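# need a structure here:
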Amino acid sequence: MNKINTKYLFKKYKWYKPNQPLTQSLMAFGFDHHDGWFELIKGLSENIDKELKKLQKDKIKNFQVDQVKEKFGGLRFYVNFAPSNKIRKLIEVAERNSYEICEYCGKKGKLRGDLCWVLTLCDKCYFKRLGEYNYPKPKWAKKQIIRESGLIENICKHGVGHPHIMSAKEIAKRYNHTIKTWMTHGCCMDECCRRLLIV
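Numbers count the residues shown, from 1 in each chain. Just a heads-up that it's a prediction; the model follows:
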């Protein structure tokens, strides 16, 4: 997470302790996720703080957050102990909700398991990440889409998806299929959309 957001949380909530030795806390590394989850963490922090103020001081004096990070596409929020069941529940809900929030921009997202790293992303950020894998769009294609399988298709002027050869090769390899499995598509069979079997 960026320095401004990190500084805000460290300053407002003293139970984030970035100056602790690494043997006691990993918060010296900051928040190990992207900025899209800032509002989620901020809301969780506010709710934890409200709950802590309701508890007796001797129950909460050693409370601290040990680590906040992304793992397998979801938020992980580790504390040294949960002083109440309500705090434990707040953390569980935030971690669960993270799978519906784009880690990069904060918009509605979903878990994407077909990138080199499992992430929760909105469609726009997902396409951007896929762009990093270099799937050039042909001149004839109006746009590109991504199927649930992870296959990238070029959409022609007839609105039909044609599998991108590079993507089809990668997906076929991943599932141990022949490339024909992923390249057999067709539509109106004219010159633009003639069925192609690329082997």
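
# name the element the closest residue to residue 8 other than its chain neighbours belongs to?
Excluding its sequence neighbours, the residue lying closest to residue 8 (CB to CB, 6 or more residues apart in numbering) is residue 42, at 7.9 Å. C-betas here are computed from N, CA, C, even on glycine. In this structure, residue 42 is located in helix 38-54 according to DSSP states H and E.

# so which elements touch that helix?
When contacts are defined as 3 or more CB pairs under 8 Å, 6 or more residues apart in numbering; DSSP states H and E, helix 38-54 sits against helix 3-12, strand 74-79, helix 85-97.

# just after the last one, pick out the following helix or strand.
In the C-terminal direction, the helix or strand that comes right after helix 85-97 (DSSP H and E) is strand 110-112.

# in that following strand, what counts as buried?
Within strand 110-112, the residues that qualify as buried are 110, 112, counting by 16 or more other CB atoms under 10 Å.

# check stretch 51-63 too.
Residues 51-52, 60, 63 are the ones in stretch 51-63 that count as buried (16+ other CB under 10 Å).

# need the contact partners of that stretch.
For stretch 51-63, contacts defined as CB atoms under 8 Å, 6 or more residues apart in numbering pick out 15, 79-81, 83-84, 86-87, 90.

# next one: that stretch to chain centre, how far?
On the basis of CA atoms, centre = their mean, to the nearest Å, stretch 51-63 sits 33 Å off its chain's mean C-alpha point.

# go on, stretch 88-95?
18 Å.

# what's the answer for stretch 62-76, then?
Remark: stretch 62-76 is offset 15 Å from the chain centroid, using CA atoms, centre = their mean.

# okay, and the beta partners of the spatially most central residue of the chain?
Nearest to the mean C-alpha position of the chain, by CA atoms, centre = their mean, lies residue 120 at 2.3 Å. Beta-bridge partners recorded for residue 120 (DSSP bridges): residue 111.

# quick one: contacts of the particular helix or strand that has residue 172 in it?
Secondary structure from DSSP H and E places residue 172 in helix 165-175. Residues outside helix 165-175 that contact it (CB under 8 Å, 6+ apart) are 114, 134-135, 149-153, 177-179, 181-183, 198.
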